[in-house]
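> Show me how the following folds:
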Amino acid sequence: MSGTGDLVIERSRLVDAAAVVDLYRRVAAIPGGLSRLAHEVTPAYIEAALGRAGAGGLGLVARRDGDLIGEIHAAASPLQCFAHVLGDLTIAVSPAVQGQGVGAALFGRFMAIVRDELPQFTRVELVARESNHGAIRLYTRLGFRTEGRMEQRIRNLDGTQEADIPMAWIRPPKH
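Presented below is the predicted three-dimensional model:
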């Protein structure tokens, strides 16, 4: 467990599922907040994501005053050739506290655990919507690099399309 001021960051658990569903639905209601729309955030989706994170991946939640205000998770692949990769990374921060450093603290703790406690993972992958400049800046500060562009991959509700930006963090080699 880690605290930053009144922010508490800890490993996610399946008992967090209902609060995570609520969080994701609130974030998904903001255009560009998540790739999923609010009605696409189902208990089954969240339970599966938390289950994969708990079964060899990594999932964290952020709480303030007992309220769940952020969540991040990534999964390990069951395939041997990808066993070193944490992928399908998703982070969500309550709209009420966005811009207050919660996402940076949550993602920073996530990466610290990967670096310090999970040496089997030498690569962490994520995909960011090209218009999400703040997230891309954060990921870059955390050591992620852009690996390309997937043109017109995202179709926004207004019918416009934009690129998804694949990014990855790669563990530096030991000297």
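
> give me every residue that touches V102.
L7, A62, R64, I69, G70, V93, S94 (Cβ atoms under 8 Å, 6 or more residues apart in numbering). Where C-beta positions appear, they are placed from N, C-alpha and C, glycine not excepted.

> which stretches of the chain have low pLDDT?
Low-confidence segments of the chain, defined by pLDDT under 70: 1-5.

> hmm, back to that, from the contacts of V102, list the buried ones, please.
Buried members of the contacts of V102, counted by 16 or more other Cβ atoms under 10 Å: L7, A62, R64, I69, G70, V93, S94.

> In stretch 13-21, which residues are buried?
So, applying 16+ other Cβ under 10 Å, buried residues of stretch 13-21: D16, A17, A19, V20, V21.

> same thing with stretch 134-151?
For stretch 134-151, using 16+ other Cβ under 10 Å, the buried residues are A135, I136, L138, Y139, L142, F144.

> Alpha carbons only: can I get it in CSV?
The C-alpha coordinates for stretch 134-151 follow below in CSV (Å, rounded to 0.1, in the frame of the first residue of the first chain):
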residue,chain,number,x,y,z
GLY,A,134,-2.1,14.9,-21.5
ALA,A,135,-2.0,11.1,-21.2
ILE,A,136,0.6,10.8,-23.9
ARG,A,137,2.8,13.4,-22.1
LEU,A,138,2.4,11.4,-18.8
TYR,A,139,3.3,8.1,-20.5
THR,A,140,6.3,9.7,-22.1
ARG,A,141,7.5,11.1,-18.7
LEU,A,142,7.1,7.5,-17.3
GLY,A,143,9.5,6.2,-19.9
PHE,A,144,7.1,5.0,-22.6
ARG,A,145,8.0,5.6,-26.2
THR,A,146,5.7,5.9,-29.3
GLU,A,147,5.9,2.9,-31.6
GLY,A,148,3.8,4.0,-34.4
ARG,A,149,0.3,5.2,-35.4
MET,A,150,-2.8,3.2,-36.2
GLU,A,151,-4.6,5.6,-38.5
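
> Isn't L50 up against R11?
No - with contact taken as Cβ atoms under 8 Å, L50 and R11 are classed as non-touching, separated by 10.2 Å.
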